[in-house]
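Peer 1: here is my input, please return the structure:
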Amino acid sequence: MQQNFKQMHTKISNIFTIDNKNKGIRADIFLSHALNISRSKVQNLINKKAVLLNSSPLNKYGATLNTNDTLMLISPTESKKDSSLKNLNIPILYEDSDILILNKPTNLIVHRTHEKDLQFTLVDYLRNNGFKLSNLGDSYRLGIVHRLDKNTSGAIVIAKNNVAHENLSKQIKTRQMGRYYLCMIDKPLKASQIVEFPIMRHPKHRLKYITTNPNNTTAKRAKTVFFEIPNLYDSTCDSTFSSIKTEIPTLIGAKLFTGRTHQIRVHLNAINRHILGDAFYNYKGSYTGRILLHAHFLHLFHPKTQKPLEFYAPIPTDMQDFLHTHFNVSTYQNTENPKLITIPLAQIYQQQFRTI
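Peer 2: Have a look, this model is predicted:
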């Protein structure tokens, strides 16, 4: 087995070793989530013999994975993409001796979870570029106070020292730090609302999460507020979705009160709403791009000076293009640069939920 690994090493772009938590999951479901692509795309890779299970081509989509199994992706395209991540220049929203605020791009995981996960991470980027980082967690999570999913873009705060890290972690727990997201969903909300369903791992799909009964002792409390964004008029210049009666793309805001894995995506799924592009959580529409979820606004208190700070992470080009194509966003356009959109999520939230 070791010899085969060496012979194919230059073609390997991703390696995943299955741990106890993912034992029993189907190979195509595991890869769909790990690579953030649809199951049909995973099955395409399997058909092309681009996926190896324990160094042999994977032949069955639904092969059951066991602890310590190794999945390898040998797609040249994926390898090239992963290599390009190493040349990233991630925009800095703020930096001083204690904290760093970045606008994380899509297709970048924040940290790895074990030594055999070879994906390039945000932590790798930070270390490669010489940033000072706290070390309260393990070596995979240097500086990481909170995380964003691989294909979620936007504002993320990094701690440069342990004192800052402890303070920022406390702010998350006490809700002094506020995190607001833009979500493009497949149909309008019935009304702005609070969703407070506990979240647990799916009993069969170990990479997936579901909501459950409040009395379930294995679940974790989770609370999200979803709210409508006013003054977004439908554009008349595009009819892409006009023939799909069940799909009416709608931009909403989300505020996190807890920070569970996949929380926004799971809570939206629970109310039968889905983020465009998020096939893993049951989006079935016509949009084929990446998940349109962006951490747009972040506020906190500086861990040393206690000065209140606010940051808007510019919306990525693909999401701005979508907004300009399908909506009239003139209310939120930058007067000097109409292509730029900034949405005051905290103010909109406070207008609709003053008592929370």
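Peer 1: the spatially most central residue of the chain and Leu207: what is the separation?
Peer 2: Among the residues of the chain, the one closest to the centroid is Asp149, at 2.4 Å (C-alpha atoms, centre = their mean). Look at Asp149 and Leu207: by C-beta to C-beta, to the nearest Å, they are 12 Å apart. The way it works is simple: take the backbone N, C-alpha and C, and place the C-beta from them, glycine included.
Peer 1: give the next helix or strand downstream of the helix or strand of the chain with the lowest mean pLDDT.
Peer 2: Every helix and strand of the chain was ranked by mean pLDDT, DSSP states H and E. The lowest is helix 2-8, at a mean of 38. The helix or strand immediately downstream of helix 2-8 is strand 14-17, counting by DSSP states H and E.
Peer 1: looking only at pLDDT, what's the mean for that following strand?
Peer 2: Across strand 14-17, pLDDT averages out at 87.
Peer 1: what of stretch 200-216?
Peer 2: So the average pLDDT for stretch 200-216 ends up being 91.
Peer 1: please work out which residues outside that stretch touch it.
Peer 2: 21-26, 29-30, 33-34, 197-199, 218-220, 222, 260-262, 266-267, 269-270, 280-281 (C-beta atoms under 8 Å, 6 or more residues apart in numbering).
Peer 1: for ChimeraX, what selects the buried ones among these?
Peer 2: Buried members of the contacts of stretch 200-216, defined by 16 or more other C-beta atoms under 10 Å, are picked up in ChimeraX with:
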select :22,25,26,29,30,33,34,197,198,199,219,222,260,262,266,267,269,270,280,281
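Peer 1: surely Met177 touches Gln171?
Peer 2: Yes. Counting by C-beta atoms under 8 Å, Gln171 is a contact partner of Met177 at 4.0 Å.
Peer 1: between the two, which contacts overlap?
Peer 2: Common contacts of Met177 and Gln171, defined by C-beta under 8 Å, 6+ apart, comprise 300-301.
Peer 1: more crowded one of the two?
Peer 2: Per other C-beta atoms under 10 Å, whichever of Met177 and Gln171 has more neighbours is Met177, with 22 against 18.
Peer 1: the more buried one and Val123, how far apart?
Peer 2: According to C-beta to C-beta, Met177 and Val123 sit 20 Å apart.
Peer 1: one more: Asn20?
Peer 2: Distance, Asn20 to Val123, using C-beta to C-beta: 24 Å.
Peer 1: neighbour-wise, which of these two wins?
Peer 2: Set side by side, Asn20 and Val123 show more neighbours around Val123, with 22 against 10, by other C-beta under 10 Å.
Peer 1: and that one, helix, strand or coil?
Peer 2: Under DSSP: H, G, I helix; E, B strand; the rest coil, the three-state class of Val123 is helix.
Peer 1: that one and Val110 touch, don't they?
Peer 2: Yes. Val123 is in contact with Val110 according to C-beta under 8 Å; the separation is 7.1 Å.
Peer 1: joint contacts of those two?
Peer 2: Counting by C-beta under 8 Å, 6+ apart, the shared contacts of Val123 and Val110 are Ile144.
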